[in-house]
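Undergrad: starting from these lines, generate the structure:
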Amino acid sequence: MSAAVGTARWLLRHEMRVAWRGVAGKRLWIVALGGGALWMCIHVFAYIAVSSLNLTHLPSWVAPAAGSLLWLAIMLMLSHAIMMSVSALFDRGDLDLLLSSPLSARTVFIVRGLGITLSCAALYAFLLLPFANVGLFTGRSRLLAIYPTLASLALLCTSLGMLLTLTLVRTLGARRARTVAQIIGALAGASIFLVTQAQNMASPAMRVRVAGLLGQWMHDGELLAPDGALWFPFRAAIGEPLPLVAVILLGAGSFWLVMNIAYRRFLSGTQEAVAGSAKRKAALNAAPMRFRSGIWLVVLMKEWKLILRDPNLIAQTLLQTLYLIPLVFVVFRREEMLTLAVPSAVLLAGTLSGTLAWITVSAEDAPELIGVAPISLARIRWMKVVAAVLPVWLLVSPLLIYLLVKSLPLSVVFVLCLAGSTLSAGLTQIWYPRQGDRKNMKKPVESGKVMGFLEGLCGMGWAGVAWCLVSAPIYTPLPLVFAIFVPIAAWFLGRERREQGLLV
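TA: Predicted structure coming up:
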């Protein structure tokens with residue numbers, strides 16, 4: 001896609017190149033060849049499925065079933081669009097340079113929006129476009145409508161994601177908007193998991209009632225009727241004219257409208273954020289400075305403030321917590337499931353403690369400053385571990401209170417294994433210090449992959465101890481060996497690092 005320098009096509013080509021490098025990295029041709037082979041296999045499967053398909057007389061259940069899957073994909077695209085909007089507006093750091101260039105600000109935002117659209121649609125295009133392609137050769141050319149339908153839905157999700165992010169910028173300021181938008185994007189993705197687990201969370205009576213309501217709503221003229229407006233995306237994908245036109249107009253129109261107002265709202269929001277930041281800074285300079293006393297309080301407050309300012313960490317914490325909600329519903333309905341809840345909570349607490357301990361101990365932003373403080377480095381590290389463990393204990397405290405009411409032995413097992421799992425995660429960070437960067441949370445163990453594996457083994461070991469103590473005490477020594485082995489291995493493997501006085 002060649003184009004003159006400074007045009008929209010030239011800028012879009014740059015956006016596509018950046019997105020492709022982010023997916024493939026250095027393994028560009030390996031990913032291309034492997035993806036191409038898989039895409040051909042999907043074509044074969046699509047040919048078999050489409051060959052026996054009669055688009056004019058589909059069973060009544062097809063539209064609700066396939067339409068629900070398509071709405072699931074739309075929700076995932078919206079979650080991805082929110083996260084990509086945050087990255088495009090804040091994380092990449094090139095928007096200020098582009099807006100100060102001779103390029104039109106409207107063009108910059110339209111191209112940036114198209115880049116987000118391509119990123120949102122890429123996976124679903126990979127999976128769905130083979131059905132459109134084989135439809136052309138099997139006499140079902142109506143399936144070619146998948147192309148404009150998917151593009152329009154991606155444009156709509158991009159518009160909603162960008163609009164939400166820009167609204168947050170205007171109301172909260174750039175820094176807070178980035179945090180809130182990332183949390184909303186994570187919640188949108190996790191909510192899909194909760195929807196898929198709704199049947200497990202509902203009681204048997206509730207399931208019967210919901211099934212009856214769904215049956216009523218699928219009648220003609222009702223909300224879930226096969227010919228209803230709710231399934232317009234699916235009906236557009238199979239080539240029905242009215243739904244197809246409606247989806248195209250909605251997607252293209254919303255994208256054009258949002259992108260035309262996006263740059264104004266972003267600029268005004270960032271200007272207000274800068275002005276507000278200057279006012280807050282002036283107010284802070286005018287106010288008398290207050291220092292906290294007590295080394296423990298200083299370290300704990302410092303670490304907790306840094307954690308609260310980290311949107312990636314908050315999003316990851318919320319996701320891990322939300323994935324336990326179905327288990328909580330099952331436990332409250334069936335007390336015999338407590339034997340599963342205890343080891344699951346222990347595993348979650350150990351994993352989360354390991355992440356927080358890595359943030360507080362290994363990903364210290366100013367290690368040299370900590371190293372010259374008039375206090376031993378070992379003591380500061382222990383304070384950092386406590387700062388990482390306390391929020392986790394607070395998070396699982398409702399389950400502990402419930403166990404104390406229902407079963408004292410289970411509560412004792414939970415406390416012991418919880419303490420072992422969380423403290424082992426902290427000990428590993430202290431005894432094997434590693435350099436890290438909190439901005440790259442997805443790869444916290446890049447400098448110590450072996451220790452990363454051992455940390456996961458430790459969490460599973462303590463979860464196994466909890467399960468054995470509850471269900472099969474005779475087998476407890478086996479997982480206990482793995483749980484204890486990891487901190488010991490960290491002690492020996494990190495001995496040289498500690499002797500050299502490495503800060504991280």
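Undergrad: quick check: phi and psi at Ile375.
TA: With angles defined as degrees, to the nearest 10, Ile375 shows backbone torsions of phi -160, psi 150.
Undergrad: ignore the last one, Ser101
TA: Dihedral angles (degrees, to the nearest 10) for Ser101: phi -90, psi 170.
Undergrad: give the burial count for it, as a bare number.
TA: 12 (other CB atoms under 10 Å). All C-beta atoms are positioned from the backbone trio N, CA, C, and that covers glycine.
Undergrad: any idea how far it is from Leu95?
TA: 11 Å (CB to CB, to the nearest Å).
Undergrad: could you do Gly494 as well?
TA: For Gly494, the distance to Leu95 - CB to CB - is 42 Å.
Undergrad: cool, and Ile261?
TA: 16 Å.
Undergrad: those two: who's more crowded?
TA: Neighbour totals were compared for Ile261 and Leu95, and Leu95 leads with 19 against 14 (other CB under 10 Å).
Undergrad: hmm, that one is touching Val108, no?
TA: Yes - Leu95 is within contact range of Val108, at 7.5 Å (criterion: CB atoms under 8 Å).
Undergrad: who are the contact partners of Glu303?
TA: Contact partners of Glu303, counting by CB atoms under 8 Å, 6 or more residues apart in numbering, are 360, 384, 387-388.
Undergrad: domain parsing of this protein, as residue ranges.
TA: Structural domains assigned to the chain are 8-275, 306-499, following automatic domain parsing.
Undergrad: next, the buried residues of stretch 161-168.
TA: 161-166, 168 (16 or more other CB atoms under 10 Å).
Undergrad: about what we covered before: now, which of the contacts of Glu303 lie within helices?
TA: Residues of the contacts of Glu303 located in helices (DSSP state H): 384, 387-388.
Undergrad: and which of those residues is nearest to Ala378?
TA: Lys384 (10.7 Å; CB to CB).
Undergrad: give me the nearest residue to that closest one, chain neighbours excluded.
TA: Using CB to CB, 6 or more residues apart in numbering and skipping the chain neighbours, the partner closest in space to Lys384 is Thr360 (4.0 Å).
Undergrad: my read: the one you found touches Val389, true?
TA: No - counting by CB under 8 Å, Thr360 does not reach Val389; the two are 9.7 Å apart.
Undergrad: among those two, which residue is more densely surrounded?
TA: When Thr360 and Val389 are compared for neighbours, Thr360 comes out ahead with 27 against 23, by other CB under 10 Å.
Undergrad: give the contact list for that one.
TA: Applying CB under 8 Å, 6+ apart, the residues contacting Thr360 are 303, 306-307, 384-385, 387-388.
Undergrad: and the buried ones among those residues, selectable in ChimeraX?
TA: Only the buried entries of the contacts of Thr360 go into this ChimeraX selection, using 16+ other CB under 10 Å:
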select :303,306,307,384,385,387,388
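Undergrad: so which bits of the helix or strand harbouring Phe482 are buried?
TA: Taking DSSP states H and E as the definition, Phe482 sits inside helix 477-493. If you call a residue buried by 16+ other CB under 10 Å, then helix 477-493 has these buried ones: 479-480, 482-484, 486-487, 489-490, 493.
Undergrad: tell me the secondary structure at Ala373.
TA: coil (DSSP: H, G, I helix; E, B strand; the rest coil).
Undergrad: before we move on, the earlier item: now for the buried residues of helix 477-493, which pair is the farthest apart?
TA: Pro479 and Leu493 (21.3 Å).
Undergrad: of the contacts of Thr360, just say which sits nearest to Gly239.
TA: Checking the contacts of Thr360 one by one against Gly239 (CB to CB), the nearest turns out to be Ile307, at 51.1 Å.
Undergrad: that closest one contacts Val392, doesn't it?
TA: No - between Ile307 and Val392 no contact is recorded; they are 11.4 Å apart, counting by CB under 8 Å.
Undergrad: ranges for the helices of the stretch 351-500 of the chain?
TA: Counting by DSSP state H, counting those that start in this stretch, the stretch 351-500 of the chain has helices at residues 367-371, 377-406, 408-431, 449-471, 477-493, 495-499.
Undergrad: which of the ones you listed sits closest to Tyr47?
TA: Nearest of the helices of the stretch 351-500 of the chain (CB to CB): helix 449-471, 41.6 Å.
Undergrad: C-alpha coordinates for that closest one, PDB please?
TA: What follows is helix 449-471, C-alpha atoms only, in PDB (Å, rounded to 0.1, in the frame of the first residue of the first chain):
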ATOM      1  CA  LYS A 449      12.500 -17.800  34.000                       C
ATOM      2  CA  VAL A 450      13.500 -20.700  36.200                       C
ATOM      3  CA  MET A 451      12.400 -18.800  39.300                       C
ATOM      4  CA  GLY A 452       9.100 -17.900  37.600                       C
ATOM      5  CA  PHE A 453       8.400 -21.500  37.100                       C
ATOM      6  CA  LEU A 454       9.300 -22.300  40.700                       C
ATOM      7  CA  GLU A 455       7.000 -19.600  42.000                       C
ATOM      8  CA  GLY A 456       4.100 -21.100  40.200                       C
ATOM      9  CA  LEU A 457       5.000 -24.500  41.500                       C
ATOM     10  CA  CYS A 458       5.100 -23.100  45.000                       C
ATOM     11  CA  GLY A 459       1.600 -21.700  44.700                       C
ATOM     12  CA  MET A 460       0.200 -25.000  43.400                       C
ATOM     13  CA  GLY A 461       2.100 -26.800  46.200                       C
ATOM     14  CA  TRP A 462       0.400 -24.800  48.900                       C
ATOM     15  CA  ALA A 463      -3.000 -25.300  47.200                       C
ATOM     16  CA  GLY A 464      -2.300 -29.000  47.100                       C
ATOM     17  CA  VAL A 465      -1.500 -29.000  50.800                       C
ATOM     18  CA  ALA A 466      -4.800 -27.300  51.500                       C
ATOM     19  CA  TRP A 467      -6.700 -29.800  49.500                       C
ATOM     20  CA  CYS A 468      -4.900 -32.800  51.100                       C
ATOM     21  CA  LEU A 469      -5.500 -31.500  54.600                       C
ATOM     22  CA  VAL A 470      -9.200 -31.100  53.800                       C
ATOM     23  CA  SER A 471      -9.800 -34.300  51.700                       C
END
